[in-house]
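Only the shape, not the letters, is given here:
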């Protein structure tokens, strides 16, 4: 079931995926490709993780939390890599990744907090 409280995280994931796509596609046009292979890979991985996390959150999947954890890690790695590069698209990507990672962290905290409040037992508890 869709959870409206995850809308901000869904939007950040979508924005991050677009920023990562733009970054990865701009890099081959750079005059010096030396050292950019890892940056392209991190940006591509991050874009895919962000899309998948946003999709599962929008669907209300029970797997959304697990994928959001992977998304947070992908975003942190991409932000670290792109943040070291001077190109504008890399800096924009790094900022989007940092923002998305922070939002995923909030989403995960809300899931954990919600799990702690769930009642135990019930009519079908064994």
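Alright, I've got the coordinates. Worth saying up front: this structure is predicted, and the values here are computed from it rather than measured.

going forward, measure contacts and count neighbours with C-alpha atoms only.
Noted.

pLDDT-wise, which helix or strand of this protein ranks last?
helix 88-117 (a mean of 88; mean pLDDT, DSSP states H and E).

what's the spacing between that helix and its chain's center?
Put simply, helix 88-117 sits 7 Å off its chain's centre (CA atoms, centre = their mean, to the nearest Å).

residues of that helix that come out buried?
Buried residues in helix 88-117, defined by neighbour count with 16 or more other CA atoms under 10 Å: 89-105, 107-108.

List of residues touching the one helix or strand residue 55 maps to?
For residue 55, the element it lies in under DSSP states H and E is helix 37-59. Under the contact criterion CA atoms under 8 Å, 6 or more residues apart in numbering, helix 37-59 has outside partners 1-3, 6-7, 9-11, 13-14, 16-18, 20-21, 23-24, 27, 63-64, 67-68, 70-71, 74-75, 77-78, 81-82, 93.

Any buried residues in the helix or strand just after it, and which?
From helix 37-59 onward toward the C-terminus, using DSSP H and E, the following helix or strand is helix 64-83. Neighbour-count burial for helix 64-83, counted by 16+ other CA under 10 Å, picks out 64-65, 67-83.
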